[in-house]
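**Q** below are the sequence and a predicted model; questions follow.
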Amino acid sequence: SDEALAEFAVVVTLDPRDAEAHAAIGRIHLDAGRPAEAIPAFRRAISLMPERHETRYALAMALKQTGHAEEAARELQQFERADKTSVDDRRRTIAADVKREEERQGTER
């Protein structure tokens with residue numbers, strides 16, 4: 001994990017706006033039992049890509065582990081809302097795809 005951390009550190013040095021790299025740094029710290037070090041990386045990733053709601057969940061876990069229960073609960077609520085919206089959007093897309101396919105098949109007959 002130290003090698004991966006060093007590689008992602010180089011990535012964010014070269015491109016400080018790489019949200020994926022910041023999130024990866026946060027995950028490495030969290031997995032290594034360093035939640036306090038993970039928090040700033042997760043916050044930066046979220047600030048760059050707020051639509052990546054999975055990072056909010058990881059931030060909530062890091063906050064909870066560092067004793068910031070109220071803030072963790074807020075982040076978890078935001079994650080849950082975003083996750084539900086994502087699932088709802090995916091269902092609508094699938095339903096529209098099915099309808100188009102049914103219409104296409106109906107015109108081929």
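**A** Looks like it came in fine.

**Q** low-confidence stretches in the protein?
**A** Residue ranges of the chain with pLDDT under 70: 109.

**Q** need the helices for it, in chain order.
**A** Remark: helices assigned in the chain by DSSP state H are 2-14, 19-31, 35-48, 53-65, 69-108.

**Q** columns mean neighbour count on top of the ones you listed, output as a markdown table?
**A** Where you see a C-beta, it was placed from the backbone N, CA and C, and this is true even at glycine. A markdown table is the format used below for the helices of the chain (neighbours: other CB atoms under 10 Å):
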| stretch | mean neighbour count |
| --- | --- |
| helix 2-14 | 13 |
| helix 19-31 | 21 |
| helix 35-48 | 20 |
| helix 53-65 | 21 |
| helix 69-108 | 12 |
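
**Q** pop out the phi and psi values for residue 51.
**A** phi -70, psi -10 (degrees, to the nearest 10).

**Q** so who does it touch?
**A** residue 82 (CB atoms under 8 Å, 6 or more residues apart in numbering).

**Q** kindly report the same for residue 38.
**A** So residue 38 contacts 25, 26, 27, 28, 29, 30, 58, 59, 62 (CB under 8 Å, 6+ apart).

**Q** Throw these into JSON lines and include distance to residue 86, thanks.
**A** Output for the contacts of residue 38, formatted as JSON lines (distance: CB to CB, whole Å):
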{"residue": "25", "distance to residue 86": "24"}
{"residue": "26", "distance to residue 86": "20"}
{"residue": "27", "distance to residue 86": "20"}
{"residue": "28", "distance to residue 86": "25"}
{"residue": "29", "distance to residue 86": "25"}
{"residue": "30", "distance to residue 86": "22"}
{"residue": "58", "distance to residue 86": "16"}
{"residue": "59", "distance to residue 86": "17"}
{"residue": "62", "distance to residue 86": "21"}
